[in-house]
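**Q** Fold the stuff below for me.
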Amino acid sequence: MRSILGVLALLGAQRSTALADAKVYHGSQCHPSQLTAAQAPADLFSTAVAGGDGVASGRIVSNGYFDCPIVRDVTRNTNGLAGARVMIVADEHPGEAECILSSVSQQGAVLASQTRASAATATLDFGSSLNVSDALGFYHLFCRMPPSWTLARYAVDEYGSGNDGATGKAAEFDAKYYNAAEWCFPSERTAAKPGGYFGYPPDGYTTRTAVTCPIVRDDNSGEAGLQDLEVTLINPGSSAVSCTVYSVSADGTAVESTTLMSSSEAGTLTLEYGEVLPLMQTSQRDGSYYFYCSFTDESRDWIIKGYRVVERTVDD
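**A** I've put the predicted structure just below:
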């Protein structure tokens, strides 16, 4: 059987047209689907990062379904994606890999989906077929793989740098929208009952205990900090949430933070930090951001639906 690294080199030769805003994700970023008990198929599986060729291999599956997170970088357009590709490496086990790319509204409704499949090593190319999106909605990639096959990597191309077809988004800002279901995780990694998804495709991260949500720092050219952070949650009622956003220096010794707390009223709420956000430490090219939320009542389920992060750019 051809080595996985050799196959990846072959797949890498299949290049697409260069676009202004393209991201390539390593396959190990994908993770098992966490459906509710009623929704979970009988063969819901576990995965492991590939051995043998090391982390370069991607994600090898046992059998079943998994989700691959996508950062939405152009957050106001309604014409979907310019392109998307999933690199699949087959094993000797027969079967077919199938991936579904969906565009989901801010409220969690599926606007459009495209499916690609292959019974052999291939690049599943969606092209620009997913041509619908909702301002502040998100994209979702879901795949089913035969035993021992590998999802090596996936690439997502958005239109332009935030201007092309992205009405209402100022050029001087760099905004990203994160589906919390695919990015947030329990702050206590050993928690007996980690949070899960709400609905499917996953629309929000359901939890009763403290949660941490990562932020990708895209512009590290200065120390102006973030322009805005909006966190959207659903309050079960009789409980309040406290969310703190952190700015951390490159060596981790200096931390600035800002905390917002909600009321205990039930329903959808948005914590908007705006100008109260902490600044990045001076000249911290490799500094980072993240935020952390905890709840006053851990007996009821909260849902973190998503969060939008706006960075100041070098020209701002």
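
**Q** I'd like to know which helix or strand in this structure has the lowest mean pLDDT.
**A** When the helices and strands of the chain are compared on mean pLDDT, DSSP states H and E, strand 47-49 comes out lowest with a mean of 38.

**Q** next structured bit after the helix or strand where residue 268 lies?
**A** Using DSSP states H and E, the secondary-structure element containing residue 268 is strand 267-272. Toward the C-terminus, strand 267-272 is succeeded by strand 288-295 as the next helix or strand (DSSP H and E).

**Q** all strands of the stretch 101-250 of the chain, in order?
**A** Counting by DSSP state E, counting those that start in this stretch, the stretch 101-250 of the chain has strands at residues 110-118, 122-125, 138-145, 150-158, 173-179, 185-186, 196-197, 205-207, 211-215, 226-235, 241-248.

**Q** Can you report how many residues lie near residue 252?
**A** Using other C-beta atoms under 10 Å, residue 252 is surrounded by 9 other residues. Placement of C-beta: from N, CA and C, glycine included.

**Q** Just the pLDDT for it.
**A** Per-residue confidence for residue 252 comes out at a pLDDT of 73.

**Q** tell me the secondary structure for it?
**A** coil (DSSP: H, G, I helix; E, B strand; the rest coil).

**Q** residues near the nearest residue to residue 83 once chain neighbours are set aside, how many?
**A** In space, and not counting its chain neighbours, residue 83 is closest to residue 157: 3.9 Å by C-beta to C-beta, 6 or more residues apart in numbering. Applying other C-beta under 10 Å, we find 21 residues neighbouring residue 157.

**Q** gap between residue 304 and residue 110?
**A** Residue 304 sits 20 Å away from residue 110, going by C-beta to C-beta, to the nearest Å.

**Q** So those two - more neighbours on which side?
**A** residue 304 (26 against 15).

**Q** element containing the more buried one, please.
**A** Here residue 304 sits within strand 302-312, counting by DSSP H and E.

**Q** low-scoring stretches of this protein, by residue?
**A** For the chain, applying pLDDT under 70 flags the ranges 1-20, 26, 28, 33-64, 161-173, 188-202, 219-224, 280-284, 313-316.

**Q** at 50 instead, please
**A** Per-residue confidence of the chain (counting by pLDDT under 50) places the weak regions at 1-20, 35-57, 63, 162-172, 189-194, 197-198, 315-316.

**Q** got the domain boundaries for it?
**A** By the record's domain assignment, the chain is partitioned as 4-169, 174-312 (automatic domain parsing).

**Q** Let's see the distance spanning the shortest one from one end to the other.
**A** It stands for domain 174-312. With C-alpha to C-alpha, to the nearest Å as the measure, the first residue of domain 174-312 is 6 Å from its last.

**Q** Use 55 as the first number for this chain going forward.
**A** Happy to do that; since the first residue is 55 now, the last one works out to domain 228-366.

**Q** Is the nearest residue to residue 332 once chain neighbours are set aside bridged to anything, and to what?
**A** What sits nearest to residue 332 in space, not counting adjacent residues and going by C-beta to C-beta, 6+ apart, is residue 310, at 3.5 Å. When bridges are taken as DSSP bridges, the partners of residue 310 come out as residue 301.
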